[in-house]
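when you get a sec, could you give me coordinates for this:
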Amino acid sequence: MTVRSLKRCADSATRTYYESAPALVERIEASKERDAIYDHIYEAVTKIILRIEHGENERAVIDYLSLAFWVARAVC
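Predicted coordinates for the structure are as follows:
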């Protein structure tokens, strides 16, 4: 993946996040599994941050997108 395509992917993911996050947070808050969902998100984000710190940017984007899909499936 080139830097340009990685940036395009990140920009798209950011736009999608801002569009969908408020509704997802409402659903998480209403879920009986709220704490478990937030724990999973925290653990995943921590790993994503480590990937970025180690220069594994492409893998970080993949992991982020995987997390986003997991969250959507967990609450929909």
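
was I right to think residue 24 contacts residue 70?
No. If you go by Cβ atoms under 8 Å, residue 24 and residue 70 don't touch, sitting 11.0 Å apart. (Each C-beta comes from the backbone N, C-alpha and C, glycine too.)

higher neighbour count, the two?
Per other Cβ atoms under 10 Å, whichever of residue 24 and residue 70 has more neighbours is residue 24, with 17 against 14.

three-state assignment of that one?
Of the three states, residue 24 takes helix under DSSP: H, G, I helix; E, B strand; the rest coil.

contacting residues for it?
Applying Cβ atoms under 8 Å, 6 or more residues apart in numbering to residue 24 gives the contacts 71-72, 75.

low-confidence stretches in this protein?
1, 3, 6 (pLDDT under 70).

and the helices in it?
3-30, 34-53, 57-75 (DSSP state H).

tell me what angle the longest one forms with helix 34-53.
Between the direction of helix 3-30 and that of helix 34-53, the angle (axes from the mean of the first three to the mean of the last three Cα atoms, to 10 degrees) works out to 160 degrees.

quick one: helix 3-30 to chain centroid distance?
7 Å (Cα atoms, centre = their mean, to the nearest Å).

once you drop chain neighbours, what's closest to residue 59?
Distances taken as Cβ to Cβ, 6 or more residues apart in numbering place residue 51 nearest to residue 59, at 5.2 Å, with adjacent residues excluded.

lovely, talk soon.
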